[in-house]
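> Fold the following.
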Amino acid sequence: MTEKATFGAGCFWGVEYTFRQTEGVTDTSVGYMGGGKDNPTYREVCSDRTGHAEVVQVTYDPDEISYEELLDLFWELHDPTLVNRQGPDVGSQYRSAIFTHTPEQEVMALASKRALDDSGAFQRPIATTIGPAAAFWPAEEYHQQYFEKKGIVPTCHR
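Sure thing, here's the model as predicted:
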């Protein structure tokens, strides 16, 4: 039986690529979550007016990888102290966000964030938002597995 996890960590292309390479992850899809418009397009989300974050929805086998391990990878992928940006990408669609699918995921995500904040690993506080998953709107097909389709290895995430 598989489960879902949804993460926003900047541009979704590199985030998806990394999760797809992870043992125990059975599928990924890039898309949009957390905004106020049904079925938004990439252009609409990039306008920074829909409220959506670019996200990767991860399907995983909890017998092979735990949600905690996915959280660890999420934290390593990006700078979670930045507000509405990652690298050169700026706008609320690039925010750091965890969208939880169960109350257990919420508890684990909050504990993980608190532990990272308390660790002193970053000089600034963690800005990642954590909240319940909303409607997931898949991005256009050309965004799915973007780097694999282009035959390039991403360098846009840590």
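
> Please enumerate the helices of this structure.
When assigned using DSSP state H, the helices of the chain occupy the ranges 12-20, 42-46, 67-77, 103-119, 146-150.

> For residue 81, grab the count of nearby residues.
Using other Cβ atoms under 10 Å, residue 81 has 16 other residues around it. Just so you know, the C-beta spots here come from the backbone N, C-alpha and C atoms, and that holds for glycine as well.

> For burial, what's the neighbour tally of the closest residue to it other than its chain neighbours?
The shortest distance from residue 81 to any residue other than its chain neighbours is 4.0 Å, reached at residue 124 (Cβ to Cβ, 6 or more residues apart in numbering). Residue 124 is surrounded by 11 other residues when neighbours are defined as other Cβ under 10 Å.

> Count the residues that sit near residue 150.
Burial measure for residue 150: 10 neighbouring residues, criterion other Cβ under 10 Å.

> do the same with residue 32
The local packing of residue 32 (other Cβ under 10 Å) involves 27 other residues.

> residues contacting it?
Counting by Cβ atoms under 8 Å, 6 or more residues apart in numbering, residue 32 touches 40, 45, 50, 52, 53, 54, 55, 93, 136, 137, 139.

> okay, and the helix or strand of this structure with the least pLDDT?
Ranked by mean pLDDT, DSSP states H and E, the helix or strand of the chain with the weakest confidence is helix 146-150, at a mean of 74.

> C-alpha coordinates for that one, PDB please?
Output for helix 146-150, consisting of C-alpha atoms alone and laid out as PDB, is shown next (Å, rounded to 0.1, in the frame of the first residue of the first chain):
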ATOM      1  CA  TYR A 146      11.200  17.800 -16.900                       C
ATOM      2  CA  PHE A 147      14.900  17.100 -16.500                       C
ATOM      3  CA  GLU A 148      14.500  13.500 -17.500                       C
ATOM      4  CA  LYS A 149      12.800  14.500 -20.700                       C
ATOM      5  CA  LYS A 150      15.500  17.100 -21.400                       C
END
